[in-house]
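Engineer: Show me how the following folds:
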Amino acid sequence: KILEKVGRQSIKGISLFGFRNNDDYEKIINDTVNDFCKATVDMSETKTGALVVFEKKTPLQDIVSSGTTLDAVSSTELFNGLFFKNSALHDGAVVVREGRIYAAGCILPLSQNPALASELGTRHRAAIGMSENSDAVVVVVSEETGKVSVAIGGNLQRDVENGTLREILLRELIESENKNDNKVKNKKRKNKGGDVDEK
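Structural biologist: Have a look, this model is predicted:
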């Protein structure tokens, strides 16, 4: 687990010498989001069901362990290929970690919320369940309608347009990360200045 944590930090640009290259990290995330959004257009048109988890701060190693580890550079073709109906991994979820397609065929926890709409299928309930148990952003492409939905914090936003999907992913994966980093830096500056630590 320690080695995994170090590896994940290095991908985000946090070197052993204590500096973070935000530009490299943001480029990787931007490229991956673009690849994925292009793939969702194809999957929506062909009504190819898909379930993709974008990991954030909460480690999802148990989820990754339930599937097949890939740790591959993202591409539109790879996203499409993993969810192709004849693919051995198309029924499970894909986990994206730090901009890389990290695992496929993963099993997600289903939401037990009794208030969910009865027409929601297994993929949507799994997306909501994953977002209830972590800070991950989970995207679903419906096999019946081809429509895209996004689950965050236990809430499901349905029928999301491609441009909106891109905005949501970039906001959650880059902007929120930067805000959290700035809060940590400001907290450290206050502590160095002799201020009382924030709770």
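Engineer: in the chain, which segments are predicted with low confidence?
Structural biologist: 1-21, 176-199 (pLDDT under 70).
Engineer: how about a cut-off of 90?
Structural biologist: Along the chain, segments meeting pLDDT under 90 span 1-23, 85-91, 175-199.
Engineer: remind me, longest helix of it?
Structural biologist: Longest helix of the chain, by residue count under DSSP state H: helix 22-46.
Engineer: Mind checking what helix or strand follows it in sequence?
Structural biologist: Downstream of helix 22-46, the first helix or strand assigned by DSSP states H and E is strand 50-54.
Engineer: Send me that following strand as PDB with only the CA atoms.
Structural biologist: Extracted in PDB, the C-alpha atoms of strand 50-54 (Å, rounded to 0.1, in the frame of the first residue of the first chain):
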ATOM      1  CA  ALA A  50     -20.500   1.500 -20.300                       C
ATOM      2  CA  LEU A  51     -19.500   2.200 -16.700                       C
ATOM      3  CA  VAL A  52     -16.400   4.200 -15.900                       C
ATOM      4  CA  VAL A  53     -15.100   5.300 -12.500                       C
ATOM      5  CA  PHE A  54     -12.700   8.200 -12.200                       C
END
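Engineer: ok and that strand relative to helix 22-46, angle-wise?
Structural biologist: Per axes from the mean of the first three to the mean of the last three CA atoms, to 10 degrees, the angle that strand 50-54 makes with helix 22-46 is 170 degrees.
Engineer: Strand 50-54 pairs with which strands?
Structural biologist: strand 93-97 (parallel), strand 137-141 (antiparallel) (DSSP bridges).
Engineer: how about the most centrally placed residue in the chain, what does it touch?
Structural biologist: When CA atoms, centre = their mean is applied to the chain, the residue found nearest the centroid is residue 54 (0.6 Å). Residue 54 makes contacts with 96, 136, 137, 138, 139, 169, 172, 173, as judged by CB atoms under 8 Å, 6 or more residues apart in numbering. For glycine as for every other residue, the C-beta is placed from the backbone atoms N, C-alpha and C.
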